[in-house]
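Undergrad: using only what follows, build the 3D model:
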Amino acid sequence: MRPQRPRTARRFGTRTVTALLATALAVAAPFPASAADLPAEHPSALVDPLIGSANGGNTYPGATLPYGMIAWSPTSTTGDQTSTGAANGYQYDTTRIRGLSLTHVNGAGCNPGAAGDVPIMPFVGDVTSSPSADTKDAVYAADFSHADERATPGRYTLGLKTGAKADLAVSERAGVADFTFPSDRAANLLFRVSNSLNGSEEAHVDIDAAHRKVTGWVLTGAFCGRRANGGVNNRKSYYKLYFSASFDRAFSSVGTWKDGTLSPGSTTASGGEGYATGADRAGRGSGGWVGFDTSSDNDVRMRLGISYVSLDGAEANLREEIAPHARVADVAAAGARAWDRELSTVRIEGGSEARRRTFYTALYHSLMQPNLISDTDGRYWGMDQAVHRLARGQRAQYSNFSGWDQYRAQIQLLALLKPAVAGDFAQSLYNFADQNGGVWDRWVHISGATHVMTGDPSAATLATFYAMGVRNFDYEGAFDSLVRQATVPHPDGLSDAGCPGQCEGQRPNLAQYLHSHYAAQDVCHCWGGAAETLEDAVADSALANWAKLLGRDTEAEVFTERGAYWRNVFNPDTGYIQARRADGSWVTPFTPASDLGFAQGTSATYTWMVPQDVQGLAEAMGGREAAAARLDGFFHKPDGSWSVRGGDPLRYDPTNEPGIHAPWLYNALGQPWKTQATVRQIVDSVYGTGPAGLPGNDDLGTMSAWYVFSALGLYPQTPGSASLLLGTPVFPTAVLDRPGHRDITINAADADDTHVYVDAVRLDGRPHQNSWAGAGLLRTGGSLTFRLAAQPNTRWATDPAGLPK
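TA: As a prediction, the model looks like this:
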């Protein structure tokens, strides 16, 4: 790793917030400003955090900053204290909450999602029974109307029908809140320390009335622990979240509870809920409450810090990031500026307001993660369940890696726009692997290896980072470690623990794979042998490209060969990818609509998952013309109408990752005008504004990143490469900020709803006859100028010699 100036992640410093006191933005307002209230040059004003909060998008609307540790957002309820309206705590149509919790993950599945730690509930009325005994959320929860809800980047405001209101703003690891209550009723804040979304092993709360503080922690984890396909294996703890909250006024009453027992006047309590659901968990847990006399002043101000290391760490994070007397408006204004800086890495001009809002919200969701887990002093909780410090030159330890999803689009966008963050993320994943006995886990949550999904996405991710110019990580050490994982069998690879949905083996039954050159369905110890083979072939192809860039010729040769193992699960008799047994026979009965041998997809979808060798796939299908005709049938019904919204097992599914690259395959098949038409159809019909504006789980920014790339007229060609496929931009101008390099400027003067097709392209002023741009565009920057048309140009970029591989 090349040394760089050591520092912690960008601080939301005390001086920054203090300086805001002199600005007009420091004036408190009842709600955050709307887009119409802010100058157009503030892209944060175009973001709608509620996009994706319905239709299974699983986004959350609460207050968070780019890559932030804290994400303060509602935990909703449908009448079950052990569950929530949707994965990650919020569903737009569920308008009842039981608290505002401190941590969230953007767009993950596995209801109830991940985190949702320490819900804090503004409760109007006397606390007369244990909130943990309120198993149906009938008493200690409250309804709300969306008319009383405002969400902007870094700030969230919610009015409850009880008359209570919460106004929240955050820095990276801390936050401030204004709670207002009716002046004629009892006012309390409930700290539901044990009620994380997945439950908890243990939790603790302390109330210090003399110093007006509430502190505590929760020991939890268990992501995907409720899955029927092996989730029980994930019902374990792997992190402890600490919090410290202080108030501007004295408490009028205090108390705690554990399970069904209420203890008025008590100042300490402990007890977890377990990781079950429903009756097996209901009624368990602990927490505390503090009351306030609001008869003459109904506003309660709270400052709060969090840490995964210690209570001292939580308090230090708060001191470092938020000035002692900073108000919600101060912190919110600084947060909006932080988001403006991040979102301004892509500056667009033109397009409708709806199009711009969709774009900047997608960029917002794309840049929410990875998430900080290191404190301002550089300490973090490692995967070995011990405290560590940042590696030399590392600025932050990040986590929340949804590898199976993110390696297809989100990590490429991160490397393109924020290479320094990408490098720290790469180092973070390497640190975790080192702490985990050399094992790179495919789905990392905080400091836990959850094993969710399939394949070895870490290899594809770090190879892509390196190919795209990211260098601020120990790339030699990481490469060697990933090669070791791909070549040396690990005992976990023979385990069925967690299978099929979260198998512990990261390269399952590797010895058999290396012998047979495919993952055998009957002995693979994986979700599906065909899917595992495709995933590993993509990862190995990426490792081969990385090896070439490093001058590691031996490894390059080995992994290039392995990148073609997809051929061993392509059945020439059916023309589809199909699972095989260890004896070489094909798994039958078979139909393209079957998901046997696959993970969250069918053979019809997975057959296209060979981005590293599209020409080879086309050859196996009978040539490019035959492959293009089959691809036509993947995106259209027999009557010729579009089929791009999902629900048909034989056709394109925009809601999940295995096929999201498929619209771009026409470029390699010599028919780029079909990519242009298909991508625009998906952009216009599947994405949009409003809560249902995402096709499905955002999966930690993956689906949003797909939209960002597609709207720019670009898309990653294949993992392990810096090449970008070219499509049709939807904006007349877009400028991508490339730190340390020339900007990338995309001009398409005729971009509008009717000019869907590319007529010609110039790269740095010279005619460009290829439907892709090589690594040089990222390395040196430059300009792409598109001439667009309302009708397809069936001659541009069709020369077989210039097609993508």
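
Undergrad: rest of the way, CA atoms for contacts and neighbours
TA: OK.

Undergrad: endpoints of stretch 547-564, how far apart?
TA: 16 Å (CA to CA, to the nearest Å).

Undergrad: what pLDDT, on average, does it get?
TA: Averaging pLDDT along stretch 547-564 yields 98.

Undergrad: select the longest helix from the protein.
TA: In the chain, taking DSSP state H as the definition, the longest helix is helix 529-550.

Undergrad: what helices or strands is that one leaning on?
TA: If contacts are counted by 3 or more CA pairs under 8 Å, 6 or more residues apart in numbering; DSSP states H and E, helix 529-550 sits against helix 457-467, helix 553-562.

Undergrad: go through it and flag the buried ones.
TA: The neighbour-count check on helix 529-550 (16 or more other CA atoms under 10 Å) flags 529-548 as buried.

Undergrad: what does stretch 759-774 give?
TA: Buried, per 16+ other CA under 10 Å, within stretch 759-774: 759-761, 763, 768-773.

Undergrad: give me the residues contacting that stretch.
TA: With CA atoms under 8 Å, 6 or more residues apart in numbering as the contact definition, stretch 759-774 has outside contacts at 667, 672, 722-727, 782-789, 792-793, 796-798, 802-804.

Undergrad: can you pull out the low-pLDDT segments for the stretch 501-650 of the chain?
TA: Low-confidence regions of the stretch 501-650 of the chain, defined here as pLDDT under 70, do not occur.

Undergrad: most centrally placed residue in this structure?
TA: The structure's the chain has its C-alpha centroid closest to residue 700; by CA atoms, centre = their mean the separation is 1.1 Å.

Undergrad: count the neighbours of the nearest residue to residue 221 once chain neighbours are set aside for me.
TA: Counting by CA to CA, 6 or more residues apart in numbering, residue 221 lies nearest to residue 237, which is 4.5 Å off, once chain neighbours are set aside. For residue 237, the count of nearby residues is 20 (other CA atoms under 10 Å).

Undergrad: got a pLDDT number for residue 237?
TA: For residue 237, pLDDT reads 97.

Undergrad: same deal with residue 741?
TA: The score at residue 741 is 86. That number is its pLDDT.

Undergrad: same deal with residue 779?
TA: Residue 779 carries a pLDDT score of 89 in this model.

Undergrad: is it within a helix or a strand, and which one?
TA: Assigned by DSSP states H and E, residue 779 belongs to helix 776-780.

Undergrad: show residues contacting that helix.
TA: With CA under 8 Å, 6+ apart as the test, helix 776-780 has contacts from 416, 468-469, 722, 741-742, 744.

Undergrad: got the buried residues for it?
TA: 777-779.

Undergrad: same question for stretch 285-300.
TA: Across stretch 285-300, burial judged by 16+ other CA under 10 Å covers 285-294, 298-300.

Undergrad: residue 125: what's its closest spatial neighbour, skipping adjacent residues?
TA: That would be residue 186: by CA to CA, 6+ apart, it lies 4.6 Å from residue 125.

Undergrad: what's near enough to touch the one you found?
TA: 124-126, 291-294.

Undergrad: let's see that with 10 Å instead.
TA: Neighbouring residues of residue 186 by CA atoms under 10 Å, 6 or more residues apart in numbering: 123-127, 252, 291-295.

Undergrad: same check on residue 659?
TA: Residue 659 makes contact with 408, 601-602, 604-610, 651-653, according to CA under 10 Å, 6+ apart.

Undergrad: highest neighbour count among these?
TA: residue 408 (29 neighbours).

Undergrad: which pLDDT does the model give that one?
TA: 98.

Undergrad: and for the one 4 residues further on?
TA: According to the prediction, residue 412 has pLDDT 98.

Undergrad: A helix includes it, no?
TA: Yes. Per DSSP: H, G, I helix; E, B strand; the rest coil, residue 412 lies within a helix segment.

Undergrad: touching, it and residue 465? I think so.
TA: Yes. Taking CA atoms under 10 Å as the definition, residue 412 is a contact partner of residue 465 at 7.3 Å.

Undergrad: what's the overlap in contacts for these two?
TA: 419, 422, 719-722.

Undergrad: tell me which of the residues you listed fall in strands.
TA: The members of these all map outside strands under DSSP state E.

Undergrad: what's the most distant pair in the residues you listed?
TA: Greatest spatial distance in the shared contacts of residue 412 and residue 465: 419 and 719, 16.1 Å, computed using CA to CA.

Undergrad: between these two, which has more neighbouring residues?
TA: Taking neighbours as other CA under 10 Å, residue 419 and residue 719 compare with residue 719 leading, 30 against 24.

Undergrad: for stretch 466-483, give the mean pLDDT please.
TA: The pLDDT scores in stretch 466-483 average 98.

Undergrad: check contacts around the residue sitting furthest away from the middle of the chain.
TA: Most distant residue from the mean C-alpha position of the chain: residue 296, 44.2 Å away (CA atoms, centre = their mean). Shown in contact with residue 296 (CA under 10 Å, 6+ apart): 183-184.

Undergrad: can you give me the strands in the stretch 351-500 of the chain?
TA: 371-372, 379-381, 387-389, 398-399, 401-402, 443-445, 448-449 (DSSP state E, counting those that start in this stretch).

Undergrad: and those as TSV, adding mean pLDDT and distance to residue 713?
TA: Below are those laid out as TSV (pLDDT from 0 to 100; distance: least, CA to CA, whole Å):
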stretch	mean pLDDT	distance to residue 713
strand 371-372	98	28
strand 379-381	98	39
strand 387-389	98	41
strand 398-399	98	30
strand 401-402	98	25
strand 443-445	98	29
strand 448-449	98	35
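
Undergrad: which phi and psi values does residue 746 adopt?
TA: The phi/psi pair for residue 746 (degrees, to the nearest 10) reads phi -120, psi 120.

Undergrad: thought it was touching residue 734?
TA: Yes. If you go by CA under 10 Å, residue 746 and residue 734 touch, sitting 5.1 Å apart.

Undergrad: next, show the common contact partners of the two.
TA: Listed contacts common to residue 746 and residue 734 are 348, 712, 784; contacts here mean CA under 10 Å, 6+ apart.

Undergrad: isn't there a helix covering the first one?
TA: To tie it back to what came earlier, the one meant is residue 348. No. Applying three-state DSSP, one finds residue 348 to be strand, outside a helix.

Undergrad: excluding chain neighbours, give the residue nearest to it in space.
TA: Residue nearest to residue 348 in three dimensions, not counting chain neighbours: residue 734, with 4.3 Å by CA to CA, 6+ apart.

Undergrad: just the second one next, same as before
TA: The shortest distance from residue 712 to any residue other than its chain neighbours is 4.7 Å, reached at residue 729 (CA to CA, 6+ apart).

Undergrad: relative to residue 709, how far out is that neighbour?
TA: 9 Å.

Undergrad: which one's more surrounded, the two?
TA: The neighbour comparison of residue 729 against residue 709 (other CA under 10 Å) goes to residue 729, with 30 against 24.
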